[in-house]
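> heads up, no residue letters with this:
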């Protein structure tokens, strides 16, 4: 395989972020010129919750029971395309261990493993596609009875003293949500012939008639790596179980940006660098190809050269 031709990103990393204001709550969102987009995002979130039968009708809190709070989180996703998103999040800090939850651990893909997988995919000349499982945590099943305050925006009967809703599915913010979602995802993949290992449980693999396929998962973001036809078949199979967005060739995952070149793959973290520069107020700093000190490579003139035999330490 030819050596990849790397791209110079030193000039464009400063232009990968947005200055658009992200509201802290619904009331603040209503005061912005982008309110209609935020409203659509909120309505889409509530529709997803209703379609998945995530919680019961509004009811009176049973006597002696405890209910947790919630809030709407608003954000803008930049990759792979700009999207306004709203998420109903439970305030899991109000949960009680042994009553509202038990185990909480869920494995996720790490950067080192992902870089290794990208290397394999590039070496094998495979396709690497990205997919997002929409409202993934809502697929998780709950074994505990959890009551929650009525979310903002839903009409509450005035005659109720302690109105609440009963969660019938896992939602974002619950302490066990990540674990329950991973259990559901793992169940679906293993039911379709995939396997994983104890050493790397977030990476699933399968040998198909079209070749091997690797499917790493990071929370609700998954990649499918393998020969083109095998990737297409796996994506179709996943879409039959989960509501997904197909982004085609991967451009970003676990904070790593991926550029597909004619003779290789270039991975970088330009967006992270840009964020650091903005945080440190260094956006107008002049860029250089290499920030390292340029010095002589002559061992006789280099102050930092390795010590010679018999030479005294200073």
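In hand now; what should we look at? Source: prediction; values computed, not measured.

> C-alpha only now, for contacts and for neighbours.
Noted.

> Specify the next element, helix or strand, located C-terminal of the longest helix seen in the chain.
Scanning the chain for the helix with the most residues, using DSSP state H, yields helix 35-51. For helix 35-51, the following helix or strand on the C-terminal side (DSSP states H and E) is strand 59-60.

> So what's the gap between that following strand and the chain middle?
35 Å (C-alpha atoms, centre = their mean, to the nearest Å).

> Stretch 208-227 now?
16 Å.

> start to end distance for it?
10 Å (C-alpha to C-alpha, to the nearest Å).

> Near residue 167, how many other residues are there?
Residue 167 has 19 neighbouring residues, counting by other C-alpha atoms under 10 Å.

> I'd assumed residue 150 was in contact with it.
No. Look at residue 167 against residue 150 with C-alpha atoms under 8 Å: they stay out of range, at 10.9 Å.

> ok, which stretches of this protein are helices?
26-30, 35-51, 111-123, 177-191, 228-239, 270-279.

> from those, which stretch is densest packed?
Highest mean neighbour count among those (mean count of other C-alpha atoms under 10 Å): helix 177-191, with a mean of 19.

> Quick one: mean pLDDT over that one.
Helix 177-191 shows a mean pLDDT of 96.

> got the angle for it vs helix 228-239?
Put simply, helix 177-191 runs at 130 degrees to helix 228-239, going by axes from the mean of the first three to the mean of the last three C-alpha atoms, to 10 degrees.

> Test my guess that residue 94 contacts residue 70.
No. Residue 94 is beyond contact range of residue 70, at 9.8 Å (criterion: C-alpha under 8 Å).

> Look at the two and report which has more neighbours.
Between residue 94 and residue 70, residue 70 has the larger neighbour count (other C-alpha under 10 Å), namely 20 against 15.

> Tell me who's in contact with the residue lying closest to the more buried one once chain neighbours are set aside.
Closest residue to residue 70 apart from its sequence neighbours, by C-alpha to C-alpha, 6 or more residues apart in numbering: residue 90 at 4.2 Å. When the contact criterion is C-alpha atoms under 8 Å, 6 or more residues apart in numbering, the partners of residue 90 are 68-71, 148, 171-174.

> Kindly recompute the last result at 6 Å.
Neighbouring residues of residue 90 by C-alpha atoms under 6 Å, 6 or more residues apart in numbering: 70, 173-174.

> Then residue 219?
With contacts defined as C-alpha under 6 Å, 6+ apart, residue 219 has no neighbours.

> how far away is it from residue 182?
Relative to residue 182, and taking C-alpha to C-alpha, residue 219 is found at 8 Å.

> can I get the helices of the chain in JSON lines with distance to residue 102?
Output for the helices of the chain, formatted as JSON lines (distance: least, C-alpha to C-alpha, whole Å):
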{"stretch": "helix 26-30", "distance to residue 102": "32"}
{"stretch": "helix 35-51", "distance to residue 102": "24"}
{"stretch": "helix 111-123", "distance to residue 102": "28"}
{"stretch": "helix 177-191", "distance to residue 102": "10"}
{"stretch": "helix 228-239", "distance to residue 102": "29"}
{"stretch": "helix 270-279", "distance to residue 102": "35"}
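
> Please name whichever of those helices is nearest to residue 253.
helix 111-123 (8.3 Å; C-alpha to C-alpha).

> For the closest one, give the mean pLDDT please.
96.

> now do stretch 222-230
Here the average pLDDT along stretch 222-230 is 97.

> starting at the chain centroid, how far to it?
Using C-alpha atoms, centre = their mean, the distance between the centre of stretch 222-230 and that of its chain works out at 19 Å.

> ok, back up a step: show me what the longest helix of the chain is packed against.
Helix 35-51 sits against strand 83-90, with contacts defined as 3 or more C-alpha pairs under 6 Å, 6 or more residues apart in numbering; DSSP states H and E.

> Identify each buried residue in the strand it packs on, please.
84-90 (16 or more other C-alpha atoms under 10 Å).

> For those residues, please prepare a markdown table with the additional fields pLDDT.
Conversion of the buried residues of strand 83-90 to a markdown table gives the following (pLDDT from 0 to 100):
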| residue | pLDDT |
| --- | --- |
| 84 | 90 |
| 85 | 90 |
| 86 | 92 |
| 87 | 91 |
| 88 | 93 |
| 89 | 94 |
| 90 | 96 |
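
> Fine, thanks again, bye for now.
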